[in-house]
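K.L.:
pasted the sequence and its predicted model underneath.
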Number of protein chains: 2
Amino acid sequence: MIHAWEEKRDEIRELLAQRRFQAVRCVLIEMNAVDIAALLDTLEEEQQPFLYRLLPKETAAETFAYLESETQETLIHAFTEREVKAIMEDLYADDVADMLEEMPANVTKRLLRAASAEKRKEVNQLLQYPEDSAGSVMTTEFVDLKADMTVAEAFQYIRKNGPDTEAIYTCYVTDENRQLQGVVSVKELLLAHENDRVGEQMETHVFSVSTLEDQEQVAQLFARYDLLALPVVDSEGRLVGMITVDDVVDILQQETTETVEKLAAITPTDKSYFRTGVWTTFCKRVPWLLLLMLSSTFTGIIITSFEKTLMKSVVLTAFIPMLMGTGGNSGSQASVTVIRSLALGDIRFRDAFRVVIKESQVAFLCGAVLAAVNFLKMLVVDSWLLGVDVSTGVALVIAGTLLATVMIAKVVGGLLPLLAKRVGVDPAVMASPFITTIVDVVSLLVYIGFAQWILY
Amino acid sequence: MIHAWEEKRDEIRELLAQRRFQAVRCVLIEMNAVDIAALLDTLEEEQQPFLYRLLPKETAAETFAYLESETQETLIHAFTEREVKAIMEDLYADDVADMLEEMPANVTKRLLRAASAEKRKEVNQLLQYPEDSAGSVMTTEFVDLKADMTVAEAFQYIRKNGPDTEAIYTCYVTDENRQLQGVVSVKELLLAHENDRVGEQMETHVFSVSTLEDQEQVAQLFARYDLLALPVVDSEGRLVGMITVDDVVDILQQETTETVEKLAAITPTDKSYFRTGVWTTFCKRVPWLLLLMLSSTFTGIIITSFEKTLMKSVVLTAFIPMLMGTGGNSGSQASVTVIRSLALGDIRFRDAFRVVIKESQVAFLCGAVLAAVNFLKMLVVDSWLLGVDVSTGVALVIAGTLLATVMIAKVVGGLLPLLAKRVGVDPAVMASPFITTIVDVVSLLVYIGFAQWILY
């Protein structure tokens, strides 16, 4: 269903080639703006302005807002001044701001010149909010009622001024200084008598966020309180915009992608896989690989320094990858759980002690099971079946190291994200490099310590 | 802000101890049902029914729906028959179904006995849908209009029958056989003339999903098309429920948690960190650690088998952790990107060839940079500054292995999730164990091959 537009693409290409434009329009009229945009994005550059001009006027602006920025740029270059003026008039200010952020300076200038003074002011304001702030994702088109309106007047006002979006279902009530006074839903207005005053129907306890609030925090508020909309106020408490739940769906999608990318040691991008070029992908990945590679120099130094201990029993070196792997896996289990719980607001820094207690208990159980299984495996499978030279001493050293490694890994993995959050670093970013390095070094030292103690 | 209720908790505890119930009610009246539920969840068991009975009737049921299932059970045990009847009457059928899924059989029986025949039927129907299906997350309370109603009649119907939720803003139009005919929004009804027929105003192209559709697919549809609501139909095309965008926010939160947990080799739970006991956490983590530990047996076997090659230059063993670590990191960068793109619908199996092409190009660049940096570092830092015995030959072996490892890791990491999806396995689950094992084994063999070729 999500790829339904692909079937239409070939049909449209063929119709365009045959110059059967009326038929193209008939296909387009049946389609959703999102799908038309996806189709336009994959057409050849010369065809894009052509197809765009065949769109019915009602869907043109909406389709334009959904296009990739490369396609938008191609279209703008092909547009006449009149077409540029029209698109700037028809797009919402927040869509214009999103578009301008991706455009080269000369295109931005041309677009802003074509906009009305009012739209230009609004767009410039939106462009000033930091990336991923509530101000940058809010819409500036909302319904603001006055407390002394009657319900009938309110409906008249909504019919006349309500934007063409779902944002009309939540109406905010402001005073003459644009201060937020309350909120009333269309549902409540529908159930009220038409001569009731808006002020009597409104709820005066309103959650609101500042323009600078982080979008992830905004999303958590929506999730926790099942909100449909949230008003955004400036530093003086004036209502400047609103965020609706469908924006939050996009924020959550974007935050999820960013989180998993950070956890896999990738600098996040906001483009899709094939839209991100090889060079960009390389640049997002290689710094982390370099950092992680160089940080594993420590393990190399330790191994070379304790050469004599390790070389006495070759089996000891053979188990280093397994020990480090298990440490890394145990640590990331703990760190990912804590990072996600931090993001959801289930854990805070003050819970650090409880996290350490819980992680040590889990780690003891996991470590004991792994140690026991590995001990038996070494004595039965490796020594007896495969004929590898494994002494009980070596098996003991490895079992002891496993238990210690899992415990260290889980406690470090549980604590470091909390510390990162505390000092204002993104927990997801610092998780893998630091935790891996610490766990690798410590577990290797424990391993060598155990080996020297038990075997010599 | 999310933790505002915690400040009220101590206040309420104190007021309860002083038996100042009127004051408790005053505090509760100012609070949101979500926060009251969070507060109730953390009170002592004896206090829970007590505080619950102080709630204003309007918020009691809503608060109950937000409680943890343990608290719900405690309350039900304390409830009189009349209170059980009341709560079963006031809760929506989907909230009842969610609750029953967590209750022991005797409690479920008691609750269903107390429900009206109609509610019982509805709940039983909901309980039959598979977990995480559209049927299990939908609400069965929605507005269904008829095409021949006038707009005025439609508003009358909505006022009278509309559920007490945001679900009223999207109204579905059905025929006498409950077949879905169209959709009309309250906004469109508001803008229409009151004598217009609903049938003239409705949109007849309606996206709908079947009750068995996976909730993640549903969430993707909402995200792609900026939907507010989606109708759910049974196998005969009859409208049986609807999913609203605020449910999707919860689905996305839950899916994100599941994805990051799977990527970190943890079997997902749906409870918060501290609500999950030590034993449960242990059970969710240890099988994966065991699997990963045992799969690294292969690397151990390879190291022992090629003992002679590796032991000739101790430095060679010292670099094994770094090589494997880099391979693992490179592989997970590729696999996580592909897994996420699969989830977002940006990549499909048929793109496998393009994925391989892109990943090999990125891998070549990353591998070349890592190899060059490491080569220089070994000759300058390790050999010259640290005085480790590194020959140019060894540095070459390691540089070559790095390049090969990164390339293998990225291609395997990019391809395996696609193959997993193809054969119907969850790509996120199989990513870490399989990719790590394959990359470890192959890179070790390449390492030994290079060493034998260049050094001997």
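P.N.:
Now that the structure is in, tell me what you want to look at.
K.L.:
find the centremost residue of chain A, please.
P.N.:
Chain A has residue A:255 as the residue nearest its centroid, 1.3 Å off, counting by Cα atoms, centre = their mean.
K.L.:
low-confidence ranges in the stretch 301-450 of chain A?
P.N.:
Applying pLDDT under 70 to the stretch 301-450 of chain A flags no residue at all.
K.L.:
what about the strands in the stretch 51-200 of chain A?
P.N.:
Taking DSSP state E, counting those that start in this stretch as the criterion, the stretch 51-200 of chain A contains strands spanning A:143-145, A:170-174, A:180-185.
K.L.:
tell me the buried residues in the strand or helix carrying residue A:404?
P.N.:
Per DSSP states H and E: residue A:404 is located in helix A:392-422. For helix A:392-422, the neighbour count (16 or more other Cβ atoms under 10 Å in any protein chain shown) marks A:394-418, A:420-421 as buried. Bear in mind the C-beta positions are built from the backbone N, C-alpha and C, glycine included.
K.L.:
again with stretch A:230-242
P.N.:
Residues of stretch A:230-242 classed as buried: A:230, A:231, A:232, A:233, A:239, A:240, A:241, A:242 (neighbour count, 16+ other Cβ under 10 Å).
K.L.:
list just the nearest of those residues to chain B.
P.N.:
Chain B lies nearest to residue A:230 out of the buried residues of stretch A:230-242, by Cβ to the nearest Cβ, at 11.2 Å.
K.L.:
what does the pLDDT read for that closest one?
P.N.:
Predicted confidence (pLDDT) for residue A:230: 93.
K.L.:
coming back round to it: with distance to residue B:200 added, can I get the buried residues of stretch A:230-242 in CSV?
P.N.:
Output for those, formatted as CSV (distance: Cβ to Cβ, whole Å):
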residue, distance to residue B:200
A:230, 35
A:231, 35
A:232, 37
A:233, 41
A:239, 36
A:240, 38
A:241, 34
A:242, 31
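K.L.:
out of the residues you listed, which sit inside strands?
P.N.:
Members of those lying in strands (criterion: DSSP state E): A:230, A:231, A:232, A:233, A:239, A:240, A:241, A:242.
K.L.:
the residue nearest to the centre of chain A is in contact with residue A:219, isn't it?
P.N.:
Yes: Residue A:255 is in contact with residue A:219 according to Cβ atoms under 8 Å; the separation is 6.6 Å.
K.L.:
hmm, back to that, restrict the ones in strands among the buried residues of stretch A:230-242 to those near chain B?
P.N.:
With Cβ under 8 Å from any Cβ of the partner chain as the criterion, no member of these is in contact with chain B.
K.L.:
pull the most distant pair out of those residues.
P.N.:
Within those, A:230 and A:240 form the most distant pair, 12.4 Å apart (Cβ to Cβ).
K.L.:
how close does residue A:312 get to residue A:397?
P.N.:
12 Å (Cβ to Cβ, to the nearest Å).
K.L.:
need the overlap of contacts for the two.
P.N.:
By Cβ atoms under 8 Å, 6 or more residues apart in numbering or on different chains, residue A:312 and residue A:397 have these common neighbours: residue A:455.
K.L.:
hmm, back to that, residue B:338: which of the ones in strands among the buried residues of stretch A:230-242 is nearest?
P.N.:
Closest approach to residue B:338 among these (Cβ to Cβ): residue A:230, at 34.3 Å.
K.L.:
now residue A:248. Nearest residue, chain neighbours left out?
P.N.:
Closest residue to residue A:248 apart from its sequence neighbours, by Cβ to Cβ, 6 or more residues apart in numbering or on different chains: residue A:222 at 4.5 Å.
K.L.:
what's near enough to touch the residue lying closest to residue A:242 once chain neighbours are set aside?
P.N.:
Once flanking residues are discounted, residue A:242 sits nearest to residue A:142: 4.5 Å by Cβ to Cβ, 6+ apart. Contacts for residue A:142 (Cβ under 8 Å, 6+ apart) come out as A:163, A:167, A:170, A:171, A:172, A:231, A:239, A:241, A:242.
K.L.:
run a quick neighbour tally on the third one.
P.N.:
When you say that, I think you mean residue A:170. Residue A:170 has 22 neighbours, counted by other Cβ atoms under 10 Å in any protein chain shown.
K.L.:
report the separation between it and residue A:182.
P.N.:
11 Å.
K.L.:
what's the answer for residue A:430, then?
P.N.:
From residue A:430 to residue A:182 the distance is 43 Å (Cβ to Cβ).
K.L.:
and if you look at residue A:194?
P.N.:
Counting by Cβ to Cβ, the gap from residue A:194 to residue A:182 is 19 Å.
K.L.:
same check, this time on residue A:345
P.N.:
Going from residue A:345 to residue A:182 by Cβ to Cβ gives 27 Å.
K.L.:
more neighbours, the two?
P.N.:
Between residue A:345 and residue A:182, residue A:182 has the larger neighbour count (other Cβ under 10 Å), namely 19 against 16.
K.L.:
contacting residues around the more buried one?
P.N.:
Per Cβ under 8 Å, 6+ apart, neighbours of residue A:182: A:147, A:172, A:173, A:199, A:202, A:203, A:204, A:206.
K.L.:
show me where the stretch 1-150 of chain A dips below the pLDDT cut-off.
P.N.:
Low-confidence segments of the stretch 1-150 of chain A, defined by pLDDT under 70: A:1-4.
K.L.:
can you map out the helices along it?
P.N.:
Here the stretch 1-150 of chain A has its helices, by DSSP state H, counting those that start in this stretch, at A:4-17, A:21-29, A:33-42, A:47-53, A:57-66, A:69-78, A:81-90, A:93-100, A:105-114, A:117-128, A:134-137.
K.L.:
can you list the domain ranges for chain A.
P.N.:
A:4-133, A:143-248, A:296-455 (automatic domain parsing).
K.L.:
start to end distance for the longest one?
P.N.:
Terminal residues of domain A:296-455 lie 27 Å apart, using Cα to Cα, to the nearest Å.
K.L.:
repeat that for stretch A:313-327.
P.N.:
Stretch A:313-327 has an end-to-end distance of 22 Å (criterion: Cα to Cα).
K.L.:
around chain B, pick out the residues from the stretch 101-250 of chain A.
P.N.:
Remark: the part of the stretch 101-250 of chain A in contact with chain B comprises A:155, A:158-159, A:162, A:166, A:168-169, A:185-187, A:190-191, A:205, A:207, A:219-228, A:245-246, A:248-250, using Cβ under 8 Å from any Cβ.
K.L.:
and the closest residue to residue A:56 other than its chain neighbours, how many residues sit next to it?
P.N.:
The shortest distance from residue A:56 to any residue other than its chain neighbours is 6.2 Å, reached at residue A:29 (Cβ to Cβ, 6+ apart). Residues contacting residue A:29 under the criterion other Cβ under 10 Å number 11.
K.L.:
ok, residue A:248 next?
P.N.:
Residue A:248 has 28 neighbours, counted by other Cβ under 10 Å.
K.L.:
swap in residue A:127?
P.N.:
When neighbours are counted by other Cβ under 10 Å, residue A:127 registers 17.
K.L.:
against residue A:67, how distant is it?
P.N.:
Relative to residue A:67, and taking Cβ to Cβ, residue A:127 is found at 19 Å.
K.L.:
next: residue A:57.
P.N.:
Taking Cβ to Cβ, one finds residue A:57 at 17 Å from residue A:67.
K.L.:
so those two - more neighbours on which side?
P.N.:
Legend: neighbour count by other Cβ under 10 Å for residue A:57 and residue A:67, higher for residue A:67 (21 against 8).
K.L.:
residues touching the closest residue to the more buried one other than its chain neighbours, list them.
P.N.:
Excluding the flanking residues, the one nearest residue A:67 by Cβ to Cβ, 6+ apart is residue A:37, at 4.9 Å. Contact analysis of residue A:37 by Cβ under 8 Å, 6+ apart lists A:63, A:64, A:66, A:67, A:71.
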